[in-house]
Each structure stands twice: as C-alpha cells, then as structure tokens.
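Visitor: sharing a model prediction with you, sequence too.
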Amino acid sequence: MIERAPSAAVAFWLFAFVALANFGNFYVYDSIGPVADLLQRDRGFSDTQIGWLNAVYNLPNIVLVLVGGWLVDRQGAARVLVATGAICLAGALLTALGPGFEAMTAGRLLFGIGAETFNVATLAAIVKHFSGPHLALALGGSIALGRAGAFAVDLSPTWAADAYAQGWQPPLLIAAAFALLSFATAVGYAWLDRGRDEARGAAECVALHDPLRFGRPFWFLLALGTLWYATLIAFRSTFSIKYFQHAHGLSLDTAGAYNAAVYLAALFATPIFGWLCDRLGRFAPFLAFGALLLPLSFAAMAFGGMPLWIGTALIGVSFSLVPAVLWPLVARLVPAERLGTALALLSVAMNAGTAGANLAAGALNDAFGAGAAHPAGYAPMMLFFLACGAVAAAFAVALWLTAGRRRHEAARATP
C-alpha cells in the first residue's frame, strides 16, 4: 500500500483532494440533522422515521464495507474513491428529490452503500502517501478538514436561511451539490495518483482468517471505536439539534451554531492532537482521556444543571482527540498490506453500532413522548448515550492497560 513518496507539490494536492472529498461526504451525512424538525413539521415524520434516515445509512455497511476494504487492498484507493463517490452522489440526489419517506430512505441507503467504503479509501489514501513520523498529523488534518463540511451544514440554517425558509427540500439539494464536489475531487485525486495505485496480485488477497491475527489491542480498539462513534454520531448528526431546540429552548439557527461548535473545535484541535501524538508517542493515554470526556459531556448537558456550552465543549474536545489517535493507532496495530481490511472491519462494527444507536434513541424519544411540549421525554435518550459512552471509556482504559503502557515502557528501555 505504501508507494514511493510524492514530491511536496504533488503531496499537497493529493492531500487537498482527499480533504475536499471528505468535506463533501461529511456535509451530506450530517444534512439530516438540521432538517429534522422541518421533516417532522412539514412531512409528519416521527423521531423513529428520522432515526431511520441515518440508521439505514449504516445498515448495509454491517456487511458491504468489508467488501469495500477488500477492494481498497486489492484495487487501490483511487479507483474505489471514484466509484463510491458516484454512488454517494446518486444517493444524495435521491434523498433530496424523493417524493416520500420510502424514497428518501432509499436515497440514504444508497448514499450509505458508497460513503463508508469511500471513508475507508480516504484513510488508506492518506496512509499510503504520508506514512511515517507525520502520519497522525496528516490523518488529523484530513479528518479535520473533512469535518469542516459538517461544520458548514450545522451553520447552514444561518448562511442558507432562504433555503430553509422554503422547507425541507432546498437544504437537501444543497447537500447534493456538495456530493458533486466530493465526486469531482475524488476524480481529481485519481487523476493525480495515476500510475501510483497498482492493484494487488492474487497472492496478496485477504484471507478470511487474517482479522483473527490482529491481536487483542485491536479488538479493544474496535469495541471502543464502535461505542464511541455510535454514541457521538447518533446524537450529534441526528438528534442534537432537535434536543437543543426542545430541551434547551434554542432557535434552529442557534441550535445549529451550538452543534457546529463541536466541529469548529475539531477543525483546529484534531491536527494539533495528531501532532502531539506523533511527537510524544503516547497514543493510548490520549485515547483514554478523550473517550472519558464523552459520557461526562452527556452528564453535563442533561443531568448536571450546567450551561449547555460546557457539555458541547466537552464533546468538542473528545471529538478532536479520539479520532486523532484512533485512526493512526489502527495503522500501528495491523500490517500495512491489511490496512484496508482492518479499517473496513472497524467500519462494520461502527456502522452496526451507529444504526442501533439511532434506532434506539428514536424509539426512546417516541416511547417517552419527547418533543417541544415534553422536553423531559429526552432524558432516557440522554441516559442511554451516557451509558454507551461510559462503556466506550472503559474499553479505552483496557486498551491502555494491555498495550499502551507496555509499549511505552519498552520504548524507554530501548538503549
């Protein structure tokens, strides 16, 4: 997977194309959250149906992203980026133009079929060209710039106020335009990477038993990543804006701004944390600290009687720190020629967890009558997210105790 190093100019454009592709992909995924209240008012969708619009994104990837990871290992990141970028664009268009819930769900399903493999390919592309002492910084920078797309969609009720004033559909058409940007930059990356992304031979194909050789630290990392991402994404991308509107009395644009603050923090802090990890080599304790902040954030927002900004600030730090450590740590724990498979396996678990968390949160809200007229109905959902985050933090500590300390002690003992 790791080829000859590109020149500085080529490396810059490779990085820029991957980051812009991430930007568009993140924008489309998070585009449901800001229109959730509009879908409920204008189309009569229940919270369970709104949860389905993001859960159905994850469901096919419980299986298909493993195939995607195999394709990245076998065919190379560039080819997979272009193919999945086209699928994502088709899904975004169907979501925006679909006449009813079933068509919108089909669009989100199609987008999900492409998007998670697309994400695996972007990570593999960065590792391919930037593997070495600056890997965490490069991955952190790419993730942060991609998250600028989610930051933009959270602020879209402000900068695209006219679109939201017309109802649920114009904002989703804007999301489709960003899907087009994502596809175009994927094509740009493939063009620039031509001749570098050679397919793997049959001798290098992934064996079915390979994942069993990844070792116990990888499985702790997988459990942590599944619970942490499921908790944060299901809340932040689906229900947070509604929760801020109904439980804290915020307007749509103010709620979007609070949600955007999470990504604004990550935009700057993720590459900084990646640089610190590259410099200090203390990946496991950073990961444990970042994971612990997530359940604390839900406790602060729902049960601590604290100002809302404290909870969202804690989410922002956690959202900056955990991905800056988790993805480079995968590259450290598994062989480079199996990186696509490892990333895909992690994505399988994350998608299963996120789908389940979306459906569980939506069902809890409906069961307890959560809404503007009954804000207390959101308490079971918040308690559910708090519990999932706490278990994720426990796995982070287990990873630190089983792998992180021993690696650090071995490094110090080396003459």
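Guide: Cool, the structure landed.
Visitor: list the buried residues for stretch 388-399?
Guide: 388, 389, 390, 391, 392, 393, 394, 395, 396, 397, 398, 399 (16 or more other CB atoms under 10 Å). No exception for glycine: its C-beta is placed from N, CA and C like everyone else's.
Visitor: ditto for stretch 238-253
Guide: Within stretch 238-253, the residues that count as buried by 16+ other CB under 10 Å are 238-248, 250, 252-253.
Visitor: from the chain's centroid, how far away is the host helix or strand of residue 187?
Guide: Secondary structure from DSSP states H and E places residue 187 in helix 169-192. Relative to its chain's centre, helix 169-192 lies at 17 Å (CA atoms, centre = their mean, to the nearest Å).
Visitor: output that helix as CSV, restricted to C-alpha atoms.
Guide: What follows is helix 169-192, C-alpha atoms only, in CSV (Å, rounded to 0.1, in the frame of the first residue of the first chain):
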residue,chain,number,x,y,z
GLN,A,169,-36.1,20.1,0.3
PRO,A,170,-33.8,23.0,-0.7
PRO,A,171,-31.3,22.3,2.1
LEU,A,172,-31.0,18.7,0.8
LEU,A,173,-30.4,19.9,-2.7
ILE,A,174,-27.5,22.0,-1.3
ALA,A,175,-26.2,18.7,0.2
ALA,A,176,-26.5,17.1,-3.2
ALA,A,177,-24.3,19.9,-4.7
PHE,A,178,-21.7,19.1,-2.1
ALA,A,179,-21.9,15.4,-3.0
LEU,A,180,-21.0,16.5,-6.6
LEU,A,181,-18.0,18.4,-5.2
SER,A,182,-16.9,15.2,-3.3
PHE,A,183,-17.1,13.2,-6.5
ALA,A,184,-15.2,15.8,-8.6
THR,A,185,-12.3,15.9,-6.1
ALA,A,186,-12.2,12.1,-6.0
VAL,A,187,-11.7,12.1,-9.7
GLY,A,188,-9.0,14.8,-9.3
TYR,A,189,-7.2,12.6,-6.7
ALA,A,190,-7.4,9.5,-9.1
TRP,A,191,-6.0,11.6,-11.9
LEU,A,192,-3.1,12.9,-9.8
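Visitor: so which elements touch that helix?
Guide: helix 8-29, helix 32-42, helix 77-97, helix 101-130, helix 161-165 (3 or more CB pairs under 8 Å, 6 or more residues apart in numbering; DSSP states H and E).
Visitor: which SSE is immediately downstream of it?
Guide: helix 216-234.
Visitor: name the next helix or strand downstream of that next one, please.
Guide: Next helix or strand after helix 216-234 toward the C-terminus (DSSP H and E): helix 240-248.
Visitor: how about low-confidence regions in this structure?
Guide: Residue ranges of the chain with pLDDT under 70: 1-8, 131-134, 195-214, 263, 336-337, 404-415.
Visitor: that older thread, and the buried residues of stretch 238-253, which is closest to residue 115?
Guide: Nearest to residue 115 out of the buried residues of stretch 238-253 is residue 238 (CB to CB; 15.3 Å).
Visitor: good, wrapping up.
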